[in-house]
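# Need a 3D model of the sequence below.
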Amino acid sequence: MVLKTPLLFGEPAAAFATLPFEDFWKLYPKKVHRPNAATMWGRLSLDEQRAAMAALPNHVALWQRERREMSTIPNPASWLNPKLGRRWEDEIPTNGNGTRHNLTGEGHGRYDRFVRGRDPQAGQGEA
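Numbering: from 1, shown residues only. Down below sits the predicted model:
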């Protein structure tokens, strides 16, 4: 563990403990703006860092299932930003029985209609 700041006014050192940024950086697939991401990581509490690390594998798996282009994966600093981002709290879509949707490809009904702008029932694009 790394200490964020020195001990102040007798506060317990655990209040300033953090997880290593390197652990996050190794797992996050989009390697851009590392200094900004490290700054955002340092602004998270230990509980927020733990929550982000716990959620990250599920988000990476979702991005892989969706075959996301790297340009559509959030920048790591945005994903971590404690005031504006907190993207680790984003809900991972499920299909109602506890398994996750595969949102890629043709014929996924709501995905086609609302994201791609076409209705697979009609056979023609609406957009």
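
# Which parts of the longest helix anywhere in the chain count as buried, going by neighbours?
When the chain is parsed with DSSP state H, its longest helix is helix 46-65. Under the neighbour-count criterion of 16 or more other C-beta atoms under 10 Å, helix 46-65 has 48, 49, 52, 55, 56, 59, 62, 63 buried. To be clear about C-beta, it is placed using only N, CA and C from the backbone, and glycine gets the same treatment.

# Residue 29: what's it in contact with?
For residue 29, the contact set (C-beta atoms under 8 Å, 6 or more residues apart in numbering) comprises 60, 63, 70, 73.

# so who does the third one touch?
Residue 70 makes contact with 29, 30, according to C-beta under 8 Å, 6+ apart.

# pLDDT score assigned to residue 92?
pLDDT for residue 92: 87.

# Distance-wise, check it relative to residue 46.
Distance, residue 92 to residue 46, using C-beta to C-beta, to the nearest Å: 23 Å.

# And residue 69, by the same measure?
33 Å.
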